[in-house]
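**Student:** what's the 3D shape of this:
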Amino acid sequence: MSTTTLKKKNSFSIGQYSYILICLVLFAAYWIINGRMSLKLFTNIFMYHSAIIGVLGLGMGMIIITGDIDLSVGAILSCIASFACVIFNLLVLANVPSGLVITITVLFCIVGGTLLGFVNGAMIGKLKLPAFIVTLATQLIYRSVSKYACNIIDNSVTGGTGSGNVYKLLNGPARDGMYAFGNRDLFGALPYIGLLFLVIAVILIYISTSTKYGKRLYAIGSNAKAAHMAGVNVEWNRTSVFTITGLLCGIGAIMWLGQQSGVDPSTAGVSNEMYAIAAVVLGGIAMSGGKGRMLGIVFGTFSYTLIDKIINAMNVSSLVNDSIKGAILLVAIVIQVLGPQLRKKHGE
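**Tutor:** Sure, this is the predicted structure:
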């Protein structure tokens, strides 16, 4: 191998970290358009408003790295948050101590989300059903079940008023504790849910870059057949990555309840799977699988949040809001697909 080839392989390329540059440009644009910036506004953008989509995006990123996709993440969040409200309210009505109420509710969200993710993973990994169809079907099932349950469960348990299909946490110390987690800051500047998002991101970045499990996910996304021939248990790894994503959806449900103190299963988490995919794409993860960095999803989430803030700051009609986001996502996909081809052509 020539010295020139070695230099090319080892040289730094700004394209590898373009997601950081995109985020910085969007941040500068928002600062200019908004006309002001403060520490509180800064942390709200990057930690409070990005937290739930960021957590879902990290799970989506792991799945996309393996070459699959999950359209049910928003529905899992909504379903788990809905039934978590029921569990929470039953415990409150039974006069269970507030600390125990919160603990059991959190455990329910984590275990419940993990189980729903496992259902997806088992059908995709073990039964080898197409991920797109499976998760589209479970998206409809999970959301429908939570909406129907709201109509047949007594209002005293759902916490609703009877005028709408909503679940609400009953007032009391336990609800106050959940609300404090979702809406308050550490040292008056660092939102708790944002810190949780960053901790999860650090863990998953480490797993993807420094463990055999992470390397297997990339191998599956690059070439599942070759990975299988190399001894990788493709079925188990595919099952596990959907299960982990379900767990992250459960954590997202905890964040949602902390922020909102309730959930409307008809609207909660709607389009969150699309927002998560947008964060993944803006973060440089290849939709074809096997390429990209989990770190990019963190910046991709921030970028998506900034795009939303810029659109709102410009007073653009809400009727075209999603059109602009969709156009930006299309541009990102085009750049992702054509960029390597242009670089290869330029190199030749």
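**Student:** alpha carbons only for contacts and neighbour counts from here, please
**Tutor:** Fine.
**Student:** Least confident secondary structure element in the chain?
**Tutor:** When each helix and strand of the chain is scored by mean pLDDT, DSSP states H and E, helix 3-10 comes last, with a mean of 44.
**Student:** Show me what the host helix or strand of I32 packs onto, helices and strands only.
**Tutor:** Per DSSP states H and E, I32 falls inside helix 18-34. Counting contacts by 3 or more CA pairs under 8 Å, 6 or more residues apart in numbering; DSSP states H and E, helix 18-34 is packed against helix 294-313.
**Student:** residue ranges with poor pLDDT in the chain?
**Tutor:** 1-16, 161-164, 336-348 (pLDDT under 70).
**Student:** related to what we said a few turns ago, dump the helix holding I32 to CSV, restricted to CA.
**Tutor:** Written as CSV, here are the backbone C-alpha positions of helix 18-34 (Å, rounded to 0.1, in the frame of the first residue of the first chain):
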residue,chain,number,x,y,z
SER,A,18,-20.7,17.6,9.1
TYR,A,19,-23.5,17.1,11.6
ILE,A,20,-21.7,19.3,14.1
LEU,A,21,-21.2,22.1,11.4
ILE,A,22,-24.9,21.9,10.5
CYS,A,23,-25.9,22.2,14.1
LEU,A,24,-23.7,25.2,14.6
VAL,A,25,-24.9,27.0,11.5
LEU,A,26,-28.6,26.4,12.5
PHE,A,27,-27.8,27.7,16.0
ALA,A,28,-26.2,30.8,14.6
ALA,A,29,-29.2,31.3,12.3
TYR,A,30,-31.7,30.9,15.2
TRP,A,31,-29.7,33.4,17.3
ILE,A,32,-29.7,36.0,14.6
ILE,A,33,-33.5,35.5,13.8
ASN,A,34,-34.5,35.4,17.4
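**Student:** from now on call the first residue 22
**Tutor:** Okay, residue one is now 22; in that scheme the one you just asked about reads as helix 39-55.
**Student:** Check which residues of that helix are buried.
**Tutor:** For helix 39-55, the neighbour count (16 or more other CA atoms under 10 Å) marks S39, Y40, I41, I43, C44, L45, L47, F48, Y51, W52 as buried.
**Student:** Repeat that for stretch 67-76.
**Tutor:** Across stretch 67-76, burial judged by 16+ other CA under 10 Å covers F67, M68, Y69, H70, S71, A72, I73, I74, G75, V76.
**Student:** so the last one sits in a strand?
**Tutor:** No: using DSSP: H, G, I helix; E, B strand; the rest coil, the secondary structure at V76 is helix, not a strand.
**Student:** Tell me who's in contact with it.
**Tutor:** F218, I221, A222, L269, C270, I272, G273 (CA atoms under 8 Å, 6 or more residues apart in numbering).
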